[in-house]
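Undergrad: sequence and predicted structure, then a few things I'm wondering about:
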Amino acid sequence: MNHFLDIHQTDPAALRGMIDSAISMKTARAGQPKGALDTDQPLKDHMVALIFEKPSTRTRISFDVGVRQMGGQTMVLSGTDMQLGLGETIADTARVLSRYVDLIMIRTFEEATLLEMAEYASVPVINGLTNRTHPCQIMADVMTFEEHAGPIKGRKVVWSGDGNNVFASFAHAAKQFEFDLTFTGPPTLDPEPALDGMYAIERDPHKAVEVADLVVTDTWVSMHDPQSARERRHNQLRGYQVNDALMARANDDALFMHCLPAHRDDEATSAVMDGPHSVIFDEAENRLHAQKAIMRYCLGK
């Protein structure tokens, strides 16, 4: 049984296998209707629980569709359905779910919830997002980069903005996939200290993106942030907007990514998001393929 909890906790060879599997499955589906079943049905007769304490668009749809394409069935549960840790303990919930389903994906707030679920479940658990990391997203990002630009090993990736949970998974991936990662953002929004040593810091965004192969950003505010916090973050991050002037300092063939949803013309301009460097919609699609590969890995398929 293989959990998929964080990129740095997964063997690099297994990660590489997942990327290669995702690309292979995507290629095999080329030209098929979206609802068509994969020729290979590794999840036939399997039930997958998809738990969402945090709401989601891409994570929910991509996991649901991916399970169905591979022949499985899903049970989608919201935070109000589960009330994790409020009545029944997380440990007991994990034990009970394991009697009903073959695989659990959970998108939650606290990392402790994910870890306790994995500790007590007798089926594999996938991290669909926590406040600390977002590994499924970065697997899709690595896949997308390699589709467009070849191997990511040795390449330069620059993150502009807030050192948040998505950045944390990029830092984990930098070590496992052996690429160079630079963070550019205000000191007040630096990544957590546990990530020190996994990336370089350059406060000047225009210097940071020089010879970059990939420029990445994320939304400046969370859906849960109060208005006062939103205003503070905008003030701190305005100088780190990804715009045409910033992308012009990167390599001519540099890619631009954003995990979406985006606040257009805040963290990135529409000109960049819809421009020739942008691969944001390929990136969004590849959540489906990367997560299918992750599920196969977890189930030994």
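TA: Noted; the coordinates are in hand.
Undergrad: use CA for all of it now, contacts and neighbours both
TA: Noted.
Undergrad: tabulate the CA atom coordinates of the lengthiest helix in the chain in CSV.
TA: Ranked by residue count and defined by DSSP state H, the top helix of the chain is helix 280-298. Provided in CSV are the C-alpha atoms of helix 280-298 (Å, rounded to 0.1, in the frame of the first residue of the first chain):
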residue,chain,number,x,y,z
ILE,A,280,-2.2,27.4,-17.7
PHE,A,281,-5.0,25.4,-19.3
ASP,A,282,-2.7,22.5,-20.3
GLU,A,283,-1.6,22.7,-16.6
ALA,A,284,-5.3,22.5,-15.5
GLU,A,285,-6.0,19.5,-17.8
ASN,A,286,-3.0,17.7,-16.6
ARG,A,287,-4.4,17.5,-13.1
LEU,A,288,-6.6,14.8,-14.5
HIS,A,289,-3.8,12.7,-16.0
ALA,A,290,-1.3,13.2,-13.2
GLN,A,291,-3.8,12.2,-10.6
LYS,A,292,-4.8,9.1,-12.5
ALA,A,293,-1.1,8.1,-12.4
ILE,A,294,-1.0,8.8,-8.7
MET,A,295,-4.1,6.7,-8.1
ARG,A,296,-2.5,3.8,-10.1
TYR,A,297,0.7,4.1,-8.0
CYS,A,298,-1.3,4.1,-4.7
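Undergrad: just checking, what packs against that helix?
TA: Helices and strands touching helix 280-298, by 3 or more Cα pairs under 8 Å, 6 or more residues apart in numbering; DSSP states H and E, are helix 12-28, helix 58-69, helix 135-149, strand 255-258.
Undergrad: got the angle for it vs helix 12-28?
TA: Interaxial angle of helix 280-298 relative to helix 12-28 (axes from the mean of the first three to the mean of the last three Cα atoms, to 10 degrees): 120 degrees.
Undergrad: ok, and the closest non-adjacent residue to D218?
TA: In space, and not counting its chain neighbours, D218 is closest to H258: 5.6 Å by Cα to Cα, 6 or more residues apart in numbering.
Undergrad: count the neighbours of that neighbour for me.
TA: H258: 21 surrounding residues under other Cα atoms under 10 Å.
Undergrad: go ahead and confirm it touches V242.
TA: No - contact criterion Cα atoms under 8 Å: H258 and V242 do not qualify, at 10.3 Å.
Undergrad: now for those two: what residues contact both?
TA: T217 (Cα atoms under 8 Å, 6 or more residues apart in numbering).
Undergrad: returning to that earlier point: buried sites along the longest helix of the chain?
TA: 280, 282-284, 286-298 (16 or more other Cα atoms under 10 Å).
Undergrad: just stretch 111-126 next, same as before
TA: Under the neighbour-count criterion of 16+ other Cα under 10 Å, stretch 111-126 has 111, 113-126 buried.
Undergrad: and for stretch 56-74?
TA: Buried residues in stretch 56-74 (16+ other Cα under 10 Å): 58-60, 62-74.
Undergrad: determine which two of the residues you listed are furthest apart.
TA: R58 and G71 (19.9 Å; Cα to Cα).
Undergrad: by contact count, what packs against the host helix or strand of M105?
TA: Under the criterion of DSSP states H and E, M105 resides in strand 103-107. Contact here means 3+ Cα pairs under 8 Å, 6+ apart; on that basis strand 103-107 packs against strand 47-52, strand 125-129.
Undergrad: so can I have TSV of those showing distance to S98?
TA: Output for the helices and strands packed on strand 103-107, formatted as TSV (distance: least, Cα to Cα, whole Å):
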stretch	distance to S98
strand 47-52	10
strand 125-129	10
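Undergrad: out of those strands, which is closest to F145?
TA: Among these, the nearest to F145 by Cα to Cα is strand 125-129 (20.7 Å).
Undergrad: what's in contact with the closest one?
TA: By Cα under 8 Å, 6+ apart, strand 125-129 touches 2-6, 59, 103-109, 114, 117-118, 134-136, 298.
Undergrad: which residues outside the helix or strand F183 falls within are in contact with it?
TA: Counting by DSSP H and E, the element that carries F183 is strand 180-184. The contact list for strand 180-184 (Cα under 8 Å, 6+ apart) reads 154-161, 163, 170-171, 174, 198-205, 208, 240.
Undergrad: pull out the buried members of those.
TA: Among the contacts of strand 180-184, those classed as buried by 16+ other Cα under 10 Å are 155-161, 163, 170-171, 174, 198-199, 201-202, 205, 208, 240.
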